[in-house]
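# Pasting the sequence and the predicted coordinates here, then a few questions.
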Amino acid sequence: MAAATAKLARNLQQKRTFVNARVKWVCDPYLDEAVQREKNLKQLLSLKDRIVSSPSKSFPLSSLSLLKPLVNLHITAAAFFQKYRSVFTTFQPSPSLPLHIRLTPEALSLHKEEETIHLSQPHRNVTVQRLTKFLMLTGAGSLPLNLVDRFRFDLGLPHDYITSLICDYPDYFEVTEIKDRLTGEKTLALSLSSRRSSLAVSEMERREATIDGFRVKKGLRIRYSMNFPKGYELDKRVKNWVEQWQNLPYISPYENAFHLGPSSDQAEKWAVAVLHELLCLLVSKKTETENVLCLGEYLGFGIRFKKALVHHPGIFYMSHKIRTQTVVLREAYHKAFLLEKHPLMGMRHMYIYLMSKSERGKKRDSVHGYERSNLKKRAIKACEDGA
């Protein structure tokens, strides 16, 4: 009897029942707005950090062209600075020196407030735990620094996190040299000094699992929250499959389940668990899809992350705004707003407001310029008529 049960369990782990039906994508205007709101924010903050990190807290205008590829600008750095005049301003340090760019007093004030958050001990403790859990998702507890850097902004890490954070927690982290799984070349990596089992509890387990003492019960049939835009309907066959898929046992993202058949429904539920936990760890509960796929490729998930994102539009939303594709955790938002309040997200909204002042100022200048032009035309006409 026990042997038969074990055989049935193995068959379920290898079984694939997803129907060959198209899972349609439908625009969600609220989540698109949440993504669109942060247009150019990441690039602006990156430039801001580079400016305040320089000895003079400024950059010469002549060196701006060097910054464009470093912060992924889609326009020239000079045009970008001009676009956000409420954040950046020009000045001449001395008559013998060229014009420089620095932060406006308002932007500098926001930066100092943001820096205070990064330096506060409660915030640092939470950030260290978040980064630890992020590395624990990899199984090996180690990732190349170039991959960690992809998630730096979304994890809420300070721009100089290696020196300002990592170095202060040697019992948690170390920078090591490893062989890159994809290229085979040696590269610097961020690694855990030791695995912390107490943190290996996912957000889904924390919410749903029955706690027995200090241990989380395994094999619970935890169901994911699913939300769809108004009027969205799943294909009936897909809907039936999702219902059966929801009832499969939940496998923690901190476990290694690569023994499962890669095309099985159970393996997909585990891949969704990893993706869900990853997004839960991010301060904005979203990131560029390319970041997710690069991480999945490195960890050995291949195209499974991509399939999981496509098959479960009720859990993940794919936005095509701001010149990229962004994956958003649906349950983390009410319409266009995050449900979980985070101090760094509050700061980002303040930067966005400051950026919008530049846009409003440009509109006023445009209107005033149009009015001045009309006044000039009327004055010329009046002179001609008087002649």
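Yep, it's here. Residues are numbered from 1 along each chain as shown.
# How about stretch 343-351, which residues are buried there?
343-345, 347-348, 351 (16 or more other Cβ atoms under 10 Å). Placement of C-beta: from N, CA and C, glycine included.
# ok, now stretch 133-142?
By 16+ other Cβ under 10 Å, the buried positions in stretch 133-142 come out as 133-139, 141.
# on that earlier part again, among the buried residues of stretch 343-351, which are located in helices?
Under the assignment DSSP state H, the buried residues of stretch 343-351 contribute 343-345, 347-348, 351 to helices.
# Would you mind putting those residues into JSON lines with distance to residue 258 and pLDDT alongside?
Shown next, in JSON lines, are these (distance: Cβ to Cβ, whole Å; pLDDT from 0 to 100):
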{"residue": "343", "distance to residue 258": "37", "pLDDT": "96"}
{"residue": "344", "distance to residue 258": "34", "pLDDT": "97"}
{"residue": "345", "distance to residue 258": "34", "pLDDT": "97"}
{"residue": "347", "distance to residue 258": "39", "pLDDT": "97"}
{"residue": "348", "distance to residue 258": "36", "pLDDT": "97"}
{"residue": "351", "distance to residue 258": "41", "pLDDT": "98"}
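# which residues touch stretch 317-332?
With contacts defined as Cβ atoms under 8 Å, 6 or more residues apart in numbering, stretch 317-332 is touched by 25, 28, 31-32, 34-36, 38-40, 74, 225-227, 275-276, 279-280, 285-290, 292, 309, 314-316, 338-340.
# Filter these down to just the ones in strands.
Counted as lying in strands by DSSP state E, out of the contacts of stretch 317-332, are 286-288, 316, 338.
# how about those residues, which pair is most distant?
Across the ones in strands among the contacts of stretch 317-332, the longest distance by Cβ to Cβ is 17.4 Å; it joins 288 and 338.
# Tell me how far the nearest residue to residue 278 once chain neighbours are set aside lies from residue 42.
Distances taken as Cβ to Cβ, 6 or more residues apart in numbering place residue 137 nearest to residue 278, at 6.3 Å, with adjacent residues excluded. Separation of residue 137 from residue 42 (Cβ to Cβ, to the nearest Å) stands at 22 Å.
# same thing with residue 333?
For residue 333 relative to residue 42 (Cβ to Cβ), the value is 19 Å.
# out of those two, which sits in the busier spot?
Neighbours of residue 333 and residue 42, each counted by other Cβ atoms under 10 Å, are more numerous for residue 333; the result is 22 against 17.
# and the more buried one, backbone torsions?
Main-chain dihedrals, residue 333, degrees, to the nearest 10: phi -120, psi 140.
# what about residue 186, neighbour count?
Neighbour tally, residue 186, other Cβ under 10 Å: 10.
# Sorry, slip of the keys, the one I care about is residue 71.
Neighbour count of residue 71, defined by other Cβ under 10 Å: 17.
# So for it, what's the pLDDT?
The model reports residue 71 with a pLDDT of 89.
# what's the neighbour count on the residue nearest to it when sequence neighbours are not counted?
Residue nearest to residue 71 in three dimensions, not counting chain neighbours: residue 46, with 4.2 Å by Cβ to Cβ, 6+ apart. By the measure other Cβ under 10 Å, the count of residues near residue 46 is 18.
# Give me the buried stretch members for the helix or strand where residue 46 lies, please.
According to DSSP states H and E, residue 46 maps onto helix 41-53. By neighbour count on 16+ other Cβ under 10 Å, the buried set for helix 41-53 is 41-49, 51-52.
# coming back round to it: which single one of the ones in strands among the contacts of stretch 317-332 is nearest to residue 172?
Closest to residue 172, out of all of the ones in strands among the contacts of stretch 317-332 and judged by Cβ to Cβ, is residue 287, at 22.7 Å.
# For residue 257, which residues are in contact?
Taking Cβ under 8 Å, 6+ apart, we find residue 257 in contact with 251, 266-267, 270.
# Taking those residues, please make a PyMOL selection of just the buried ones.
To isolate the buried members of those in PyMOL, using 16+ other Cβ under 10 Å:
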select buried, resi 251+266+267+270
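# possible to save the contacts of residue 257 as TSV with pLDDT, distance to residue 200 and secondary structure?
Output for the contacts of residue 257, formatted as TSV (pLDDT from 0 to 100; distance: Cβ to Cβ, whole Å; DSSP: H, G, I helix; E, B strand; the rest coil):
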residue	pLDDT	distance to residue 200	secondary structure
251	96	12	coil
266	95	20	helix
267	95	20	helix
270	97	15	helix
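# ok, which stretches of the stretch 1-150 of the chain are helices?
Taking DSSP state H, counting those that start in this stretch as the criterion, the stretch 1-150 of the chain contains helices spanning 2-14, 29-36, 41-53, 77-83, 105-119, 121-136, 145-150.
# Wait, residue 58 touches residue 93, no?
Yes. With contact defined as Cβ atoms under 8 Å, residue 58 and residue 93 form a contacting pair (7.5 Å).
# Overlap of the contact sets of the two?
Residues touching both residue 58 and residue 93 (Cβ under 8 Å, 6+ apart) are residue 100.
# one step back: can you tell me which of the contacts of stretch 317-332 are buried?
Buried, going by 16+ other Cβ under 10 Å: 28, 31-32, 34-35, 38, 40, 275-276, 279-280, 285-289, 292, 309, 314-316, 338, out of the contacts of stretch 317-332.
# Show me where the stretch 151-300 of the chain has its strands.
For the stretch 151-300 of the chain, the strands defined by DSSP state E, counting those that start in this stretch occupy 173-179, 186-192, 211-212, 215-216, 286-288.
# centroid residue for the chain?
The centroid of the chain falls nearest to residue 287 when counting by Cα atoms, centre = their mean (2.9 Å).
# Spatially nearest residue to it (excluding sequence neighbours)?
residue 154 (4.5 Å).
# isn't that neighbour right up against residue 292?
No. Checked against Cβ under 8 Å, the pair residue 154 and residue 292 is beyond contact range at 10.2 Å.
# just to revisit the earlier point, out of the buried residues of stretch 133-142, who's nearest residue 79?
Closest approach to residue 79 among the buried residues of stretch 133-142 (Cβ to Cβ): residue 134, at 35.0 Å.
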